[in-house]
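Peer 1: Here is the input, now give the coordinates:
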Amino acid sequence: MALNPENVKFLFQQIAKSELRTYNSVVSQLFGYLDLEVKDNPVFDKYESEWSKWSEWIEGIEENSYDWSLPKNIDDTKSLIYNVYRCIAQNDQDWLINFSTELFQERNFNDSIYKFNNSFIDYLGKALEDIIEANPEIEAKTAKKTNNDTVFIIHGHDNTLKMEVQLLLNRAAVNSIVLHEQADRGRTIIDKLLDETNKAGYAIALLTPDDILENEAKRARQNVILEIGYFIGLLGKERIRLIVKDGVEVPSDLQGILYEKYEASGSWKIKLLKEMQAVGIYVDMKGVVDQF
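Peer 2: The predicted structure is shown next:
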């Protein structure tokens, strides 16, 4: 077996919504899973080795010997909170009740747990993200996908723009793939997408005015938005670029993704190729310039 980020995410979500009667058991499930599946992970080892650094802080809360405050450094805070939750996993419910009550002075135990989560769980989430990103098999999986130079073209109804991008990549000696041009071989659309994207190391999404809303706003087809989200998770936002035609709204959830405005003059083309070069994809820039 190996560390599965989805399992970590699931257990984290269960902690976030747990009440007193399930809290200890769910926290114990998370740390039991980490202990079983995490191997050769320097971030996990670092968090585990820093217990002694925070034992005085935790014991001080237990003894009500001082008012608590978090470290000023975020990395220290993540380490501290990780070890606080580790303590919960290693102790019983009475320990949790005493600890959270000393912190927040709530008469209702569930209120104490709510305040405890509200104050600390986001730091635990960040610590878990650090562990996942540093895990060897996660890094190997990412490297395998991002070492490929093939570019996946996400498009809607604008075949002219799609062909313009295909021609540009062909002149630049960059392999490209368009989903509907690949043989179905009995596969569903989703299965076909999952299979064919294993070849891709970059994605170009064409946001064209395919759908007109009641308020006259123009938007790209929803399959385009879905596939953009898929590639953000698959390759990271630095390996996806949007080409946006005039008047097409860019969903707010995609505001962190860089895009080029489509212009008939073609000024967006060189910018796009330079972005592909920046992430290590070979681009025959001379071959493109010679064609103009």
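Peer 1: ok, Gly22 to Leu128 distance?
Peer 2: You called it Gly, but residue 22 is Thr. 19 Å (Cβ to Cβ, to the nearest Å). (Each C-beta comes from the backbone N, C-alpha and C, glycine too.)
Peer 1: which of these two has more neighbours?
Peer 2: Shown here are Thr22 and Leu128; by other Cβ atoms under 10 Å, Leu128 has more neighbours (23 against 14).
Peer 1: In which helix or strand does the more buried one reside?
Peer 2: Using DSSP states H and E, Leu128 sits in helix 109-134.
Peer 1: For that helix, buried residues please.
Peer 2: Buried residues in helix 109-134, counted by 16 or more other Cβ atoms under 10 Å: 109, 112-114, 116-117, 120, 123-132, 134.
Peer 1: same for that helix, what does it pack against?
Peer 2: Using 3 or more Cβ pairs under 8 Å, 6 or more residues apart in numbering; DSSP states H and E as the contact test, the elements touching helix 109-134 are helix 5-17, helix 20-37, helix 42-49, helix 74-90, helix 93-104.
Peer 1: Also compute the angle for the second one relative to helix 5-17, please.
Peer 2: If I follow you right, that is helix 20-37. Relative orientation of helix 20-37 versus helix 5-17 (axes from the mean of the first three to the mean of the last three Cα atoms, to 10 degrees): 160 degrees.
Peer 1: Then the third one?
Peer 2: Angle between the axes of helix 42-49 and helix 5-17 is 40 degrees (criterion: the same axes, to 10 degrees).
Peer 1: May I have helix 42-49 as PDB, with CA atoms only?
Peer 2: This file holds the C-alpha atoms of helix 42-49, laid out as PDB (Å, rounded to 0.1, in the frame of the first residue of the first chain):
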ATOM      1  CA  PRO A  42      11.400  14.100   5.400                       C
ATOM      2  CA  VAL A  43       8.500  16.400   6.400                       C
ATOM      3  CA  PHE A  44       6.700  13.700   8.300                       C
ATOM      4  CA  ASP A  45       9.900  12.800  10.100                       C
ATOM      5  CA  LYS A  46      10.500  16.400  10.900                       C
ATOM      6  CA  TYR A  47       7.100  16.900  12.500                       C
ATOM      7  CA  GLU A  48       7.400  13.700  14.400                       C
ATOM      8  CA  SER A  49      10.800  14.600  15.800                       C
END
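Peer 1: Pull the residues that contact it.
Peer 2: 34, 38, 78-79, 82-83, 86, 127, 130-131, 133-135 (Cβ atoms under 8 Å, 6 or more residues apart in numbering).
Peer 1: How about the very next helix or strand once past that helix, which residues are buried there?
Peer 2: Downstream of helix 42-49, the next assigned helix or strand under DSSP H and E is helix 51-62. Within helix 51-62, the residues that count as buried by 16+ other Cβ under 10 Å are Trp54, Trp57, Ile58, Ile61.
Peer 1: One more: stretch 215-232?
Peer 2: Lys218, Arg219, Ala220, Arg221, Val224, Ile225, Glu227, Ile228, Tyr230, Phe231, Ile232.
Peer 1: what does that stretch rub up against?
Peer 2: Residues contacting stretch 215-232 (Cβ under 8 Å, 6+ apart): 152, 154-157, 193, 197, 200, 203, 205-213, 239-240, 242, 247-249, 251, 253-254, 257.
Peer 1: where in the stretch 51-200 of the chain is pLDDT low?
Peer 2: For the stretch 51-200 of the chain, residues meeting the criterion pLDDT under 70 lie at 62-67, 138-147.
Peer 1: let's go with 80 and repeat that
Peer 2: Counting by pLDDT under 80, the stretch 51-200 of the chain shows low-confidence ranges at 58-68, 101-110, 112, 137-148.
Peer 1: buried set for stretch 159-171?
Peer 2: In stretch 159-171, counting by 16+ other Cβ under 10 Å, buried: Leu161, Lys162, Glu164, Val165, Gln166, Leu168, Leu169, Arg171.
Peer 1: Off-centre distance for it?
Peer 2: The chain centre lies 30 Å from the centre of stretch 159-171; the measure is Cα atoms, centre = their mean, to the nearest Å.
Peer 1: these two touch, right, Ala2 and Glu137?
Peer 2: Yes: contact criterion Cβ atoms under 8 Å: Ala2 and Glu137 qualify, at 5.0 Å.
Peer 1: Need the overlap of contacts for those two.
Peer 2: Counting by Cβ under 8 Å, 6+ apart, Ala2 and Glu137 have no common neighbour.
Peer 1: Looking at the two, which has the bigger crowd around it?
Peer 2: Glu137 (14 against 11).
Peer 1: all strands in the stretch 151-292 of the chain, in order from the N-terminus.
Peer 2: Secondary structure of the stretch 151-292 of the chain (DSSP state E, counting those that start in this stretch): strands located at 176-178, 200-207, 211-212, 218-219, 240-244, 259-261.
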